[in-house]
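Visitor: No sequence on hand, only this structure:
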């Protein structure tokens, strides 16, 4: 019982801290950042392993990937499988240079796309969204690329466990 109360209190505090970081993203700004219809389609296809949105298959020594016409973020989305089960992932530039500001603005826009039934849980340089009636989760992560630009990675996973950050030894094993 105490653990449940602690978890709920932690989630409430996380939601409050996320709300405190976020300013005013209008629906138009959300639509400028994400294609909400494409994101809804990717989320809807998660339970069947994204089979209905998978295109041409490519297999390399390190990863398996499928092209997709479903482009929710910067027209740079694929379905991939490497160290995790099949998942939908998109990469694109976030124009805000402050990492916390970029994540806050991006997560607010993503929350607007997903709708009020989704709950965002912030973490270090990432936010994970979940909804009670689905196992699928949506994440938004920020990072600096090799050119010093603030980037974002939007992902849709089939289950929350698939979305957990990889341990350092798993990252190095690539």
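Guide: Received the coordinates, thanks. Please read all numbers here as calculations on a predicted model, not as lab measurements.

Visitor: Let's see the distance spanning stretch 78-89 from one end to the other.
Guide: Terminal residues of stretch 78-89 are spaced 6 Å apart (C-alpha to C-alpha, to the nearest Å).

Visitor: That one: how far from the chain's middle?
Guide: In this view, stretch 78-89 has its centroid 12 Å away from the chain centroid, taken as C-alpha atoms, centre = their mean, to the nearest Å.

Visitor: same deal with stretch 89-98?
Guide: Stretch 89-98 has its C-alpha centroid displaced from the chain centroid by 12 Å (C-alpha atoms, centre = their mean).

Visitor: Compute the first-to-last residue distance for stretch 44-57.
Guide: Start-to-end span of stretch 44-57 (C-alpha to C-alpha) is 21 Å.

Visitor: OK, contacts around the most centrally placed residue in the chain?
Guide: Taking C-alpha atoms, centre = their mean as the criterion, residue 139 is the residue nearest the geometric centre of the chain, at 2.1 Å. Counting by C-beta atoms under 8 Å, 6 or more residues apart in numbering, residue 139 makes contact with 126-129, 153-155, 157, 163. For every residue, glycine as well, the C-beta is placed using N, CA and C.

Visitor: so which of those is the most crowded?
Guide: Of all these, the highest neighbour tally under other C-beta atoms under 10 Å goes to residue 154, namely 25 neighbours.

Visitor: hang on, isn't that residue packed against residue 138?
Guide: Yes - between residue 154 and residue 138 there is a contact at 7.3 Å, judged by C-beta atoms under 8 Å.

Visitor: what touches both of those two?
Guide: Contact criterion C-beta under 8 Å, 6+ apart; residues shared by residue 154 and residue 138: 39, 110.
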